[in-house]
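K.L.:
one predicted model, sequence on top.
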Amino acid sequence: MKKPNTFIVVAAVAAAVIAATWLLLAAPGYTGNEINMTRGVTSQSTINYSLHMTVLWICIVIGIIVFSAMFVSIVLHRKSRGYNPAQFTHSTKAEIIWTVIPVLILVVMAVPATRALVNMEVAPETEMTVKITGFQWRWKYEYVEDGISFISSLDPESNAARRLASGTPPEEVDNYLLEVDKPLVLPANTKIKFLITADDVIHSWWVPALGWKRDAVPGYINEAWTEIMEPGIYRGQCAELCGRDHGFMPIVLHVLPRAEYDAWVLEQQNPESVSRLAASPARPSATAYENE
Ligand SMILES: [Cu+2]
C-alpha cells in the first residue's frame, strides 16, 4: 500500500476540525452567548472579551497543530506498519525550540492581559461613588455624594416561591431569584467608582455585563470602577459562598440615561418634590422608580 503523504493527512485533519468548529458556530439560533463569554456593556468588558477571544484563538490553533501531529503520528507511524520508536536521549535543538516558542506565545498573551488588568485596577477620574456592603443575605447601596442609601433584597415574589408549598410555582415568577425589591440605579456613560465591603462574612459583588467581580470582605474596602455604555437592566448575583441564603441575594442594576438618573436622584432626596416635577412636561419620566 502506498504511504499517504504526512503533510496531506495533517492538513486534512486540521481542515476537518476547523470545518466542525465553523459548523457549530454557524448553527441556526447560535448567538455565541450560549457557550462563550458575553461581550458586556462596559469598556472593561469589551477589552476582556477581545482578550478572551484572542487567547481562545491562539489555543485553538495550538490545539489543532498539536493534536493533528499527534494523531497523524499515532495512525501513520504505528508498529504494524513497520515503524520503530525513535532512539535518542537528548536534543538541544528540540529543547530550545519547545522552550522558546511557548515563552514567546506567553509573552504575546501577557501584554494585552496586563493592559486589561491595569485598566481594571486603576480608576480614572470618576464622577460619582457608590459604596456597596454585603450582608447575610442582601446588599446595601450608599450613594456617597448624593446621600442616598438603601438595602436591596430578594424580591418578595421570588422569596415566597422559593418556599416549599408556597402555592407560587417558581416557573411562574419572572426572573425567579434574579429580581430584587430595590435595584441599584446608575447613570449610563458616567464613570462610577465602587467601594465594596461586607458587614459579616465574605461576599462577592458580580454583574457579568460589567466585566469584573469584586470580593466584599469585612474590614477591607475593595475598589472598582465602571462606565456603562448602554442603559438597561443588568443582573448579577453574590459570587462567594456566604452561608445558607447565598443563592438568594441577587443584584439588579437599572441603568438610566443621565437626565432620567438625575430625576431619580432628586426624587430619592426629596420625595415631596416629585409630584411637582412629574407635573412638568420638561422633566423626563421617572415613574418606574418611585418609592415602593
Ligand atoms: Cu454569597
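P.N.:
Done, it's in.
K.L.:
what lies in contact with stretch 8-26?
P.N.:
Outside stretch 8-26, the residues that touch it by Cβ atoms under 8 Å, 6 or more residues apart in numbering are 30, 32, 60, 64-65, 67-69, 71-72, 75-76. All C-beta spots, glycine's among them, are computed from the backbone N, C-alpha and C.
K.L.:
could you redo the last one with a cut-off of 6 Å?
P.N.:
Contacts with stretch 8-26, where a contact means Cβ atoms under 6 Å, 6 or more residues apart in numbering, come from 64, 68, 72.
K.L.:
dump it to PDB, keeping only the CA atoms.
P.N.:
Extracted C-alpha coordinates of stretch 8-26, given in PDB (Å, rounded to 0.1, in the frame of the first residue of the first chain):
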ATOM      1  CA  ILE A   8      -1.700  16.000   3.400                       C
ATOM      2  CA  VAL A   9      -3.100  14.000   6.300                       C
ATOM      3  CA  VAL A  10      -2.200  16.700   8.800                       C
ATOM      4  CA  ALA A  11      -3.800  19.300   6.600                       C
ATOM      5  CA  ALA A  12      -7.000  17.100   6.200                       C
ATOM      6  CA  VAL A  13      -7.300  16.600   9.900                       C
ATOM      7  CA  ALA A  14      -6.900  20.300  10.600                       C
ATOM      8  CA  ALA A  15      -9.400  21.200   7.900                       C
ATOM      9  CA  ALA A  16     -11.900  18.800   9.400                       C
ATOM     10  CA  VAL A  17     -11.500  20.300  12.900                       C
ATOM     11  CA  ILE A  18     -11.900  23.900  11.500                       C
ATOM     12  CA  ALA A  19     -14.900  22.900   9.500                       C
ATOM     13  CA  ALA A  20     -16.600  21.200  12.500                       C
ATOM     14  CA  THR A  21     -15.900  24.300  14.600                       C
ATOM     15  CA  TRP A  22     -17.300  26.600  11.900                       C
ATOM     16  CA  LEU A  23     -20.400  24.400  11.500                       C
ATOM     17  CA  LEU A  24     -21.000  24.600  15.300                       C
ATOM     18  CA  LEU A  25     -20.700  28.400  15.300                       C
ATOM     19  CA  ALA A  26     -22.900  28.800  12.300                       C
END
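K.L.:
buried ones in it?
P.N.:
Of the residues in stretch 8-26, 10, 13-14 count as buried by neighbour count, 16 or more other Cβ atoms under 10 Å.
K.L.:
thinking again about what came up before, want to throw the contacts of stretch 8-26 into TSV with secondary structure?
P.N.:
Below are the contacts of stretch 8-26 laid out as TSV (DSSP: H, G, I helix; E, B strand; the rest coil):
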residue	secondary structure
64	helix
68	helix
72	helix
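K.L.:
show me what from the chain comes close to the ion.
P.N.:
Counting by Cβ under 5 Å from the ion, the chain comes close to the ion at 203, 238, 242, 246.
K.L.:
got a winner among these for most neighbours?
P.N.:
Most neighbours among the residues of the chain next to the ion, by other Cβ atoms under 10 Å: residue 203, with 31 neighbours.
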